[in-house]
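Peer 1: Curious how this folds, go ahead:
(2 chains)
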2 protein chains.
Amino acid sequence: MFEPELSRAFLASSLTSDTAETPDPDGFLKERSESATYCVEEVPLDALPGWRSDEAIWHESSRFFTVEGVSVRTNFGPTPKWSQPIIVQSEIGILGILVRRISGVYHFLMQAKMEPGNSDLVQFAATVQATPSNYQRVHGGRSTPYLDYFLEHARRRLVFDQLLSEHGAWYLHKRNRNMIVEVPEDEHLLVAEDFTWLTLGQLRHQLQRGGRVNMNARTVLSGISYAMADGLAADDKFRDSFHRQVVESHTRGGGDAEVSAAITWFVDQKAKYMLDVRRIPLDAMDNWVRGTDSIRHRDDRHFRIVGMSVTATSREVNTWSQPMLEPTPGNIVALLCQRRSGILHVLVQAMAQPGLTDRLELAATVHLSPGNYTRSGDHPPLAEYVNAPESWVRVNAAQSEDGGRFLHADTTHLVVDVPEDHVVEAPDNYRWMTLGLLSRLIRSGYYVSIEARSLIACLL
Amino acid sequence: MFEPELSRAFLASSLTSDTAETPDPDGFLKERSESATYCVEEVPLDALPGWRSDEAIWHESSRFFTVEGVSVRTNFGPTPKWSQPIIVQSEIGILGILVRRISGVYHFLMQAKMEPGNSDLVQFAATVQATPSNYQRVHGGRSTPYLDYFLEHARRRLVFDQLLSEHGAWYLHKRNRNMIVEVPEDEHLLVAEDFTWLTLGQLRHQLQRGGRVNMNARTVLSGISYAMADGLAADDKFRDSFHRQVVESHTRGGGDAEVSAAITWFVDQKAKYMLDVRRIPLDAMDNWVRGTDSIRHRDDRHFRIVGMSVTATSREVNTWSQPMLEPTPGNIVALLCQRRSGILHVLVQAMAQPGLTDRLELAATVHLSPGNYTRSGDHPPLAEYVNAPESWVRVNAAQSEDGGRFLHADTTHLVVDVPEDHVVEAPDNYRWMTLGLLSRLIRSGYYVSIEARSLIACLL
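Peer 2: Okay, the predicted model is just below:
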């Protein structure tokens, strides 16, 4: 949560004017990781410096975020009623990436950034990820580099700008402003020490390996549409038959009539499923145990809320404490693809989650959380596809969720390309869509969940 | 709330096949009003048959709606913190109008409908206005006429279909599905006794007189875009210079680039204003007095929650009781228009209201609620335009809010056409938009508030 201060702590004060892409992203990330040392350790939740714990857990400044209880009732899924802790953060942060064409090819200004919850601590992040609490310097930190490109956008070319949701199972009504701003090739721009220009091909390579591009960068990247195609295609060294289909699918299905038909189907789902969410005191939650060290489910399912202490040493020492949400391990999200009528489609589901702003969003084909189930019969529809034949699997990478809030939240991302003659039996709340249609829906606001967007980013 | 039962109660069992428009809408409404008698009277709130009153007011069936308390904090407007009662209705109802071309001109199937809160009890309503509680017949009523055209829409031409918000000051997260379904001219369709086909010209005439087209019909009509123009123009007997500008404005400004720029400005506003709304018990509200007869503000400001008993007699007797919200009288909404760069624009404001799904929507230029203010200095920006010279006023009509929930809620609708050389000084959260751009935003979901949509309907 105080990440910007941290990134500033290891941001060189001297800026260089080299705007060429890095020839070696792996080496860059390794070098930036080694430039500082980090100590991240669990500490008792009820004695976190700066935090109070009563009906909720909150920071003495009344800013940043709170951990509260919610009571949930729904007719979506097998469980009609439950309570759970949830992170409440009503501030709208900025997740922004600067792009520029260099010799005709789009490059993305990525930041090497440490987040305490990441299993691989330092990853490629968006150019800017900051909440008003951060950039208005509640904690007196230094300024956030490149922030003005996003705050003072009046004269800028905004390639993408939309409020998008975050994890609906863990956050209440959280959303961030996802922005891509283009900088003209001839505009002077200094590249700070923790920053580097990557092409989409380089980013794709990093995404496919897993654990190297953070969640905030992935959600912004899901906003890239192939309206940018001329500047992307020239770079496409990695293009195989499947990726040609992905690009083709991005150019299809975003017309007004298809968008209207998709929205009508989606509104049908919203009318079918109800969701009632009320905030309650943490002590009023059923089945959750509030201890001095953590808040955990009685059967150790779902997740724990724990306290973390973080110390980072680079040019200066930076220490802070915060609550984090640690999910039970083994979470998997999977997106089924299939060539239908000659065009690659992906199978999304309308899914209710307690923290979504408007009840349902379009989610990945499968959300599998082994830690949530007591019996295998509780598995969601189509869960068997996570064990699809190896030859169908196009993406298989563990990606971190937001390491500023979630501890060791490594979600396996699977993209499964089902053969054309294979019949997928999906319930009514599932629908095949082209990537062009999904891209248009992402640009329309709260339609596509963060897990689905993260998978789409892995397909770029 | 039990309106569908009522409309059924005076719906003839015999259907006629006459599909021509009514030559005399006034006569039709008068005749339908006189075909039944209604008795609507205030009764004590704490002894409403079928309703319980504790932390909230709720129906014994746990359906329909509840009246609850909310505690609100915001940095929008002059009041940073307050509590108030609010109506909670999470069901998504259908507001649907059937249209068909008759001799090339669009006709709208309107229903004469009694709603107990209306000052003019019987008004023109949408073809269907029903919640699942109604049409799933919780109260064992008869079926809702024409409902299947909207529920079974797979083979239908959907002219408009979107979830849209309702009063954000009085409802928590209320939205309804607004639909326009086109019926082919050659399809057999029986017109039931309380229904009639009206042209847009006839509807406009009814709208301009006020108190004759109910709120549910107005919100659906705001979804008409001039994509339907060929079938609308032929009917345009009432077109003067101002209305030619209205039609022209509807055809301008809905392109992708303008929509993106408007959304960016709107997201800037969402980032600037915070809104925190928590549900609280009715007895925990500050400044509200809970009596046996009503819940009222200590200084009689804002509104009262009262109990109503309704008896309708037509072919059979139908009686029910329900809570209603009675606003203090004198509410005014005004939309400023001005020709800018040769095109008519309207001035909307990004406004926070506690019940909105996502904090802010685009609202009318002025929301003036004299009953809310203790001093005239509390008046909102631009309030002086409600006293604009008579020659600037294009629409001045009192329209009812939803008469199924709101009692005597007659809001004066003003459209003020400011001369081109007049300078309007508006704060940053105001923006001039063409009707084409607003129409595109209405079709994108929760962007345009119900008060603004109601004014736009008055411009059709």
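Peer 1: hmm, who's touching stretch A:405-413?
Peer 2: Identification of contacts with stretch A:405-413 by CB atoms under 8 Å, 6 or more residues apart in numbering or on different chains yields A:1, A:65, A:87, A:116-117, A:119, A:167, A:170-171, A:210-211, A:306, A:308, A:324-327, A:329-334, A:395-403, A:451, A:454-455, A:458. (C-beta placed from N, C-alpha, C; glycine too.)
Peer 1: Take those and keep only those in helices.
Peer 2: Judged by DSSP state H, helices contain the following of the contacts of stretch A:405-413: A:451, A:454, A:455, A:458.
Peer 1: Identify the spatial nearest neighbour of the second one, chain neighbours not counted.
Peer 2: Spatial nearest neighbour of residue A:454, chain neighbours left out: residue A:218 (4.7 Å); criterion: CB to CB, 6 or more residues apart in numbering or on different chains.
Peer 1: follow-up on the earlier one: of the contacts of stretch A:405-413, which count as buried by neighbour count?
Peer 2: With burial judged by 16 or more other CB atoms under 10 Å in any protein chain shown, the buried subset of the contacts of stretch A:405-413 is A:1, A:65, A:87, A:116-117, A:167, A:170-171, A:210, A:306, A:308, A:324-327, A:331-334, A:395-397, A:399-403, A:451, A:454-455, A:458.
Peer 1: low-scoring stretches of chain A, by residue?
Peer 2: A:1-22, A:137-142, A:226-239, A:314-317, A:374-377 (pLDDT under 70).
Peer 1: and the longest helix for it?
Peer 2: Assigned via DSSP H, chain A shows its longest helix as helix A:256-272.
Peer 1: So what's the gap between whatever helix or strand comes next after that helix and the chain middle?
Peer 2: As assigned by DSSP states H and E, the chain's next helix or strand after helix A:256-272 is strand A:275-280. Between the centre of strand A:275-280 and the centre of its chain there are 24 Å (CA atoms, centre = their mean, to the nearest Å).
Peer 1: Tabulate the CA atom coordinates of strand A:275-280 in CSV.
Peer 2: The C-alpha trace of strand A:275-280 is given here as CSV (Å, rounded to 0.1, in the frame of the first residue of the first chain):
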residue,chain,number,x,y,z
LEU,A,275,-27.2,-10.4,-4.7
ASP,A,276,-27.6,-8.7,-1.4
VAL,A,277,-24.5,-7.5,0.4
ARG,A,278,-24.5,-5.7,3.8
ARG,A,279,-21.6,-4.5,5.8
ILE,A,280,-21.4,-6.0,9.3
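Peer 1: Parallel or antiparallel, which strands does it pair with?
Peer 2: In the sheet, strand A:275-280 lines up against strand A:66-74 (antiparallel) (DSSP bridges).
Peer 1: If you count neighbours, what's buried in the strand it pairs with?
Peer 2: Residues A:66, A:67, A:68, A:69, A:70, A:71, A:72, A:74 are the ones in strand A:66-74 that count as buried (16+ other CB under 10 Å).
Peer 1: And stretch A:360-376, by the same measure?
Peer 2: Result for stretch A:360-376 [16+ other CB under 10 Å]: buried residues A:360, A:361, A:362, A:363, A:364, A:365, A:366, A:367, A:368, A:369, A:372.
Peer 1: Looking at those, which are in strands?
Peer 2: By the criterion of DSSP state E, membership of the buried residues of stretch A:360-376 in strands covers A:360, A:361, A:362, A:363, A:366, A:367, A:368.
Peer 1: Report the contact partners of the last one.
Peer 2: In other words, residue A:368. A:331, A:332, A:333, A:334, A:379, A:380, A:383, A:386.
Peer 1: Reformat these into TSV and put distance to residue A:438 next to each item.
Peer 2: Output for the contacts of residue A:368, formatted as TSV (distance: CB to CB, whole Å):
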residue	distance to residue A:438
A:331	22
A:332	20
A:333	15
A:334	16
A:379	25
A:380	20
A:383	22
A:386	21
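Peer 1: which among those residues gets closest to chain B?
Peer 2: residue A:380 (24.2 Å; CB to the nearest CB).
Peer 1: Could you double-check that that closest one lies in contact with residue A:367?
Peer 2: Yes - counting by CB atoms under 8 Å, residue A:367 is a contact partner of residue A:380 at 6.6 Å.
Peer 1: Tell me which residues of the host helix or strand of residue A:96 come out buried.
Peer 2: Element membership for residue A:96 (DSSP H and E) is strand A:93-102. Residues A:93, A:94, A:95, A:96, A:97, A:98, A:99, A:100, A:101 are the ones in strand A:93-102 that count as buried (16+ other CB under 10 Å).
Peer 1: can you tell me which residues contact the second one?
Peer 2: It stands for residue A:94. Per CB under 8 Å, 6+ apart, neighbours of residue A:94: A:128, A:129, A:130, A:131, A:135, A:147, A:150, A:151, A:176, A:177, A:179, B:271.
Peer 1: Please name the nearest non-neighbouring residue to the fifth one.
Peer 2: By that I understand residue A:135. Once flanking residues are discounted, residue A:135 sits nearest to residue A:144: 4.8 Å by CB to CB, 6+ apart.
Peer 1: Near that neighbour, how many other residues are there?
Peer 2: 24 (other CB atoms under 10 Å in any protein chain shown).
Peer 1: check whether the helix or strand hosting residue A:344 contacts chain B.
Peer 2: Using DSSP H and E, the element containing residue A:344 is strand A:343-352. No - Strand A:343-352 is not in contact with chain B by CB under 8 Å from any CB of the partner chain; minimum separation 12.2 Å.
Peer 1: for residue A:411, which residues make a bridge with it?
Peer 2: According to DSSP bridges, beta-bridge pairing links residue A:411 with residue A:399.
Peer 1: Flag every residue of chain A that's near chain B.
Peer 2: So chain A meets chain B at A:90-92, A:94, A:132, A:153, A:158, A:161-163, A:177, A:260, A:263-264, A:267, A:270-271, A:274-276, A:278-279, A:357-358, A:444-446 (CB under 8 Å from any CB).
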